[in-house]
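Trainee: Give me a 3D structure for the following:
(one chain, ligands or ions: 1)
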Amino acid sequence: MHHPTHLIHRDLRRTPPVAVCAFGLQVRDSAGNTYLDASGGAAVSSLGHGHPDVLAAMQAQLKVAAYAHTSFFTTEVAEELGDRLAQDAPGDLNHAYLVSGGSEAVEAALKLARQYFVENGETQRRVFIARRQSYHGNTLGALALGGNEYRRRHFEPLLMDVARVSPCFEYRERRAGQDVHEYTANLLQELETKIIDLGPQHVIGFCAETVVGATSGAVPPTPGYFKGVRALCDKYGILMIADEVMCGMGRTGTLYAFEQDGVVPDLVALGKGLGAGYQPIGAVIARDHVVQRLRAGSGVFQHGHTYVGHPVAAAAALAVQKVIRRDCLLGAVTVRGAAFRRMLREAFAMHPHVGDIRGRGMLLALELVQERDGKRPFDPDLQVHAAVKEACLECGLMVYPMGGTIDGRRGDHVLLAPPFIATEADLQQIVARLADGL
Ligand code: PMP
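Mentor: A predicted model of the protein is given here:
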């Protein structure tokens, strides 16, 4: 099947298989092939497909009110979701603003951050600091922020001033023999130097994925890294923005990944797992002081999209939150994530092309290398990640590989982000098919 006039899939040269039905961890295409969903799409489907509670909540809301524009109304369901997110977020992250996806959430966080300073007359603050080899979304602002030159290069010059620092990526960037604390301290030193060089009075904030997802493959921070970042943001009066679009909403075993790093950012972007694939929805969660400043100033967040606070999307997200709580899925992520990691180690620790097995909770990855004992990445021209994706699909497995050269660093990895409801048997099956695919 080929539709040369359609632009709904971004690769204009080929048409992907047609998904006709999905339930639990299974997706079936129109040719009758079934795939085991080990990637949750792109780390989205945390409850698997066709979850009855989410479907029921959406259906009920559709009957009550499918849409209400926020310039006229709010809805009970959007308010309840906002309350729920505020209640469950740590510290004084007490304010939720609902949008329609991850990139929109990042954009809204950037705009909130900018307005926070403009309300204070600090219009000279123009620069965000972000990290290389990161991904924050595909809209022009989020793209400017992201550290993936391959994605950016068709669109330069981008809309915003972004300064970049090194990612926290032990496996690739910590020197042999270098102490992990020294490695972390050097990264924090680099960030501080960057802030000073730019002039702290020109900087709005620092934005990072707590656990780096797509660009680098489930890369967790080193111990103390984000505490150090938090301290620098406080020292220089700039905002700390956590992009938890992929790693948030329970994916790592706590509702927010940064809870495991003992910090509270000023702004948090959510997407993906918030709607868990049932509806496009994202959110920005903000701390008290951010909202208080807007309230004391113009009193309006100068933002908004037609679908913000969409009631059916809110109903889906609220149902997802309730299921996560009722079925103790955070605990399940921790326990089964550890089991999954063990299975991956057993299967691949001696694999000639697996150099690292890493991640947090149910956000795990394998790093693919030329030979196990070295870290030498594959030649980017080989497009190993793409080949692995295809091979796994042929084995009936959805995984999310990425790689090549991203912001000057070579490497290929396979990201694994199965639904939280995956059983041990499902995970065994995933590992077996992955072994075949690899
Ligand atoms: N931030 C991160 C960390 C992401 O992984 C993504 C999506 N891959 C986004 C932002 C953008 O989200 P969306 O694709 O929903 O716009």
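Trainee: Please state the backbone phi and psi of Val99?
Mentor: Per-residue torsions, Val99: phi -130, psi -160 (degrees, to the nearest 10).
Trainee: Confirm for me that it is in contact with His305.
Mentor: Yes. Val99 is within contact range of His305, at 6.3 Å (criterion: C-beta atoms under 8 Å). Using the backbone N, CA and C atoms, a C-beta is placed for each residue, glycine as well.
Trainee: These two: which is more packed in?
Mentor: More neighbours surround Val99 than the other of Val99 and His305, with 29 against 15 (other C-beta atoms under 10 Å).
Trainee: What number of residues are in the vicinity of the nearest residue to the more buried one once chain neighbours are set aside?
Mentor: Nearest residue to Val99 in three dimensions, chain neighbours excluded: Gly282, at 4.5 Å (C-beta to C-beta, 6 or more residues apart in numbering). Residues near Gly282, counting by other C-beta under 10 Å, number 28.
Trainee: list the contacts for Gly282?
Mentor: 98-105, 108, 245, 269-271, 274-275 (C-beta atoms under 8 Å, 6 or more residues apart in numbering).
Trainee: What is the nearest of those residues to the ligand?
Mentor: Proximity of the contacts of Gly282 to the ligand (C-beta to the nearest ligand atom) peaks at Gly102, which lies at 2.1 Å.
Trainee: From Asp53, how far out is the residue lying closest to the closest one once chain neighbours are set aside?
Mentor: Leaving aside its chain neighbours, Gly102 sits nearest to Gly271 (2.8 Å; criterion: C-beta to C-beta, 6+ apart). Computed as C-beta to C-beta, to the nearest Å, the Gly271 to Asp53 distance reads 21 Å.
Trainee: Compare these two and say which is more crowded by neighbours.
Mentor: Gly271 (27 against 14).
Trainee: In contact with the more buried one, which residues?
Mentor: 101-105, 245-246, 281-283.
Trainee: Can you select the buried ones among those residues for me in PyMOL?
Mentor: A single PyMOL command selects the buried members of these (16 or more other C-beta atoms under 10 Å):
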select buried, resi 101+102+103+104+105+245+246+281+282+283
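Trainee: Now, the contacts of Gly271 that are in helices?
Mentor: 102-105 (DSSP state H).
Trainee: Contacting the ligand as well, which ones from the residues you listed?
Mentor: Of the residues in these, proximity to the ligand by C-beta under 6 Å from any ligand atom holds for 102-103.
Trainee: Specify which member of the ones in helices among the contacts of Gly271 is nearest to Glu371.
Mentor: Lowest distance from Glu371 to these (C-beta to C-beta) belongs to Gly102, with 35.9 Å.
Trainee: hang on, isn't the closest one packed against Glu244?
Mentor: No. Using C-beta under 8 Å, Gly102 is not in contact with Glu244; the gap is 9.5 Å.
Trainee: So which bits of the stretch 101-250 of the chain are right by the ligand?
Mentor: 101-103, 106, 135-137, 209, 213-214, 243, 245-246.
Trainee: Is it possible to get JSON lines of those residues that adds pLDDT and distance to Ile430?
Mentor: What follows is those, written out as JSON lines (pLDDT from 0 to 100; distance: C-beta to C-beta, whole Å):
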{"residue": "Gly101", "pLDDT": "97", "distance to Ile430": "27"}
{"residue": "Gly102", "pLDDT": "98", "distance to Ile430": "24"}
{"residue": "Ser103", "pLDDT": "98", "distance to Ile430": "29"}
{"residue": "Val106", "pLDDT": "98", "distance to Ile430": "30"}
{"residue": "Tyr135", "pLDDT": "96", "distance to Ile430": "24"}
{"residue": "His136", "pLDDT": "97", "distance to Ile430": "28"}
{"residue": "Gly137", "pLDDT": "97", "distance to Ile430": "28"}
{"residue": "Glu209", "pLDDT": "98", "distance to Ile430": "24"}
{"residue": "Gly213", "pLDDT": "97", "distance to Ile430": "18"}
{"residue": "Ala214", "pLDDT": "94", "distance to Ile430": "19"}
{"residue": "Asp243", "pLDDT": "98", "distance to Ile430": "26"}
{"residue": "Val245", "pLDDT": "98", "distance to Ile430": "23"}
{"residue": "Met246", "pLDDT": "98", "distance to Ile430": "19"}
